[in-house]
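Visitor: no sequence on this one, just coordinates:
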């Protein structure tokens, strides 16, 4: 086993050196030397090999990247930024994108990089001189990711998670990339404990209310999140029923609302703001015909807190449990 | 001798047109390579270019500076220039072919057809065609749109302005709707890219994407000038051109095919960038007259330069965000188009 | 010497017969005038002779060979065509337009740009348009445009010239001048076919006349033979008198 690790370490070093040379004069992706070595060791989807001098990681796009230096990090996702700051490497973050809204010191880093989850632009990222770019599987287009890699900068895209158990994977992956495995394990333990606490609290509830999560970017872009979404996992963990039937993200129509007929609506502060406030929400077609609409039950949470699967998810879940089951707060 | 005695203002301007165009193009190339979010001085840019040509100028260059210039800016610059040259020369050729100064690949619907063709290939997967799949799909779509517009907008050998523009609008609308449907029907990670086609951008330029565009766009830019004389004669009218020895049907088919090859490749690589095909040829005609032997190659150079400037503006104006370059050209080209339309009525006959 | 012949020519568009059994020959050295009332098929006949339209029946032959068998470039060196009107929407100068007439000779090793320019300027001098040389063609008056277009036809230097109403937009002086130029070309061996509206111009300059009516040849022959009072009156639905021209050796047609 020990000899095997030395072999992998040697190959990884060769790979890192080659990658550095190549990227300076061609657009070729990192060399394949380490891919062969790495894929023979573990599972093909997320292969990790941690060594002091370099970490190789095959991201969500199937491209292997070698990270040798995490001293200048660009984060292209709000959850990842949060994790980095929780891990104590916030000072190493040199660039953020618009999905980063927390913690407040992250917003002092500089203007956010162009559009979130989508049309990335290479040069502003390269101009920050990062040694590592971390984003999630939604980052693209692939050509732009390729351009950043061509400048010799590893871009690691980590898998999206839609189960609460996936938060640990996400935290551990980020921690591994920046060489903070111990802090990562501790953080993941803490988050898991918080989630467990909230789940256990919820288990004491006697009723399971029906819940529908509504998201909006203005009155023209109304969405209903369904099974498979991040919010659906939170609702289930809070001992409630996600009554939405449909895709993880689908259009909000009066028919869909009538079919869901939730007891409680949940939305985010930004979504509500884009609609014009609670009164405007109540006027949306179909809302008044639901139980939640008639009883005026609408819960509003901070966007990053509620939608991001990260260090504060336990906190978010606890708030949701307490709001959905007011009887628990009274007894405890 | 005759030149001096008969020198009209246009003939005098013709003499400095090429030097002026070449100098402007070189300046635009250097500015595009030297400017951007990442700071690389012009001297270093020159050193990097020479270094890749095998000449060491003894100027220290960081590897990252090299990659930004060589891997991000240079492919983007080449793509922008080729796309601009193709759109401009295609516009000039279409204006001659349709005897209509308002023809432009976007206005008459060829660009939308190309976007649909390229989109279908992307949705189906390029398969054996590889990086040529998008451009060839674009070519097929462009050719289909060109044939439809050509067949429907022509009446007795001429195309009226209104017919041409309206047919183009209709073809564009159908193609746009089909692309919209495609992006709903196909669950593709390239959905974001569909947005690019409507707005136009060079963000996706990599060496791999540049290769087919340069090859197919090059075919269009190099071969279209061979039809300069025929296009000149076609401006007299179709019968007149035939009386003067032009095989009109053949010339028309070949010019449309070449335009479609170039526009198909351009749209597949960079989306719909409008009005370049109007702005560049009209600027050249105003300066140097309508002779296609000059208008076609000069429009290509002017169009390439114009798009370089537009892309530089798109990259730097709102840095670190980028403005889609197609929005910029439309912002400048739209009013120009309206002015041209106005002149059609005010001054029928004299196009300049 | 080149001869353009039309044999039993017929042309039908939809249900209307535009040309019906026309046979005639344009001989070298001859100016053949085509006259007739509106809608008689004069322009259609000229377009058939130019190869712009494909006949429904009969044939158009150049030196015995059907014109459809010639390549466009071959035809362009043998016959020139002046349309009723030349519409140009781009700012070419008059000289550019006339030089386009030299296109068929492009690529001929015996030809040169200097020669083309010389021929073009000679044609412009002959049509009194040399002073319009650097003017923008679309900005010229209708009559000026016709004369420049006529110069383009002359510059093409073909043994056959077909003209559709070359004098309609011209003033009296230029009408006479244009017909004199055509007569001169004919005497030098060209075969010329001109659709003419003005019967007296036709009578004065054409060696032979064809009178068309409803797509058929009503009369063909010398002006004196064709310009018959009864035939003209019937064809044009207008009483006419034919007398001797007081100063020229030709008939004079006047409306009664």
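Guide: Arrived safely, thanks for sending. Given the structure is predicted, the values throughout are model-derived calculations rather than measurements.
Visitor: mind checking pLDDT for whichever residue of the stretch 251-352 of chain B sits closest to chain A?
Guide: Relative to chain A, the nearest point of the stretch 251-352 of chain B is residue B:320 (3.2 Å; C-beta to the nearest C-beta). (Each C-beta comes from the backbone N, C-alpha and C, glycine too.) For residue B:320, the pLDDT comes out at 71.
Visitor: check the secondary structure at it for me.
Guide: coil (DSSP: H, G, I helix; E, B strand; the rest coil).
Visitor: then residue A:299?
Guide: Secondary structure, three-state DSSP: residue A:299 is strand.
Visitor: is it true that it touches residue A:265?
Guide: Yes. Using C-beta atoms under 8 Å, residue A:299 is in contact with residue A:265, at 7.1 Å.
Visitor: the more surrounded of these two?
Guide: With neighbours defined as other C-beta atoms under 10 Å in any protein chain shown, residue A:299 and residue A:265 compare such that residue A:265 has more, 25 against 17.
Visitor: show me what contacts that one?
Guide: Residue A:265 makes contacts with A:211-214, A:281, A:287, A:290, A:292-293, A:297-299, as judged by C-beta atoms under 8 Å, 6 or more residues apart in numbering or on different chains.
Visitor: restricted to helices, list those.
Guide: A:281, A:292-293 (DSSP state H).
Visitor: who wins on neighbours among these?
Guide: Within the ones in helices among the contacts of residue A:265, most neighbours by other C-beta under 10 Å means residue A:292, with 25 neighbours.
Visitor: quick check: the gap between it and residue C:149.
Guide: Applying C-beta to C-beta, to the nearest Å, the value for residue A:292 to residue C:149 is 81 Å.
Visitor: closest residue of the stretch 51-200 of chain C to chain A?
Guide: Proximity of the stretch 51-200 of chain C to chain A (C-beta to the nearest C-beta) peaks at residue C:90, 40.7 Å away.
Visitor: and what about the residue lying closest to that residue once chain neighbours are set aside, helix, strand or coil?
Guide: Nearest-residue entry for residue C:90: residue B:290, 3.8 Å, with adjacent residues in sequence omitted and distances by C-beta to C-beta, 6 or more residues apart in numbering or on different chains. Three-state call for residue B:290 (three-state DSSP): coil.
Visitor: so who does the residue of the stretch 251-352 of chain B closest to chain A touch?
Guide: Contacts of residue B:320 by C-beta under 8 Å, 6+ apart are A:111, A:113-114, A:121, A:124, A:127, B:37.
Visitor: thinking again about what came up before, could you tell me how many residues sit around the residue nearest to residue C:90?
Guide: For residue B:290, the number of neighbouring residues by other C-beta under 10 Å comes to 29.
Visitor: and it, backbone torsions?
Guide: phi -90, psi 0 (degrees, to the nearest 10).
Visitor: my guess is it meets residue B:235, correct?
Guide: Yes. Here residue B:290 reaches residue B:235: they are 7.2 Å apart, a contact under C-beta under 8 Å.
Visitor: which residues are in contact with both of the two?
Guide: Joint contacts of residue B:290 and residue B:235 (C-beta under 8 Å, 6+ apart) are C:90, C:92.
Visitor: I figured residue C:183 hits residue C:29, correct?
Guide: No. Applying C-beta under 8 Å, one finds residue C:183 not in contact with residue C:29, separated by 10.6 Å.
Visitor: what about the residue of chain B found nearest chain C, neighbour count?
Guide: The minimum distance from chain B to chain C, using C-beta to the nearest C-beta, falls at residue B:245 (3.1 Å). When neighbours are counted by other C-beta under 10 Å, residue B:245 registers 22.
Visitor: swap in residue C:183?
Guide: 16.
Visitor: ok, now which ones touch it?
Guide: C:31, C:205.
Visitor: gap between it and residue C:175?
Guide: For residue C:183, the distance to residue C:175 equals 13 Å [C-beta to C-beta].
Visitor: how about residue A:165?
Guide: To residue C:175, residue A:165 is 98 Å away according to C-beta to C-beta.
Visitor: so between those two, which is more surrounded?
Guide: Comparing residue A:165 with residue C:175 by other C-beta under 10 Å, the one with more neighbours is residue C:175, at 19 against 10.
Visitor: secondary structure element for that one?
Guide: Using DSSP states H and E, residue C:175 maps to helix C:172-187.
Visitor: what packs against the helix or strand just after that helix?
Guide: Following helix C:172-187 in sequence order, the next helix or strand is strand C:191-195 (DSSP H and E). Applying 3 or more C-beta pairs under 8 Å, 6 or more residues apart in numbering or on different chains; DSSP states H and E, one finds that strand C:191-195 contacts strand C:16-26, strand C:31-35, helix C:42-50, strand C:160-164, helix C:172-187.
Visitor: the first one: which residues count as buried?
Guide: Of the residues in strand C:16-26, those buried by neighbour count under the rule 16 or more other C-beta atoms under 10 Å in any protein chain shown are C:17-20, C:22, C:24, C:26.
Visitor: now those as JSON lines including pLDDT and distance to chain A?
Guide: Converted to JSON lines, these look like this (pLDDT from 0 to 100; distance: C-beta to the nearest C-beta, whole Å):
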{"residue": "C:17", "pLDDT": "92", "distance to chain A": "63"}
{"residue": "C:18", "pLDDT": "94", "distance to chain A": "60"}
{"residue": "C:19", "pLDDT": "95", "distance to chain A": "63"}
{"residue": "C:20", "pLDDT": "94", "distance to chain A": "68"}
{"residue": "C:22", "pLDDT": "95", "distance to chain A": "67"}
{"residue": "C:24", "pLDDT": "94", "distance to chain A": "69"}
{"residue": "C:26", "pLDDT": "95", "distance to chain A": "66"}
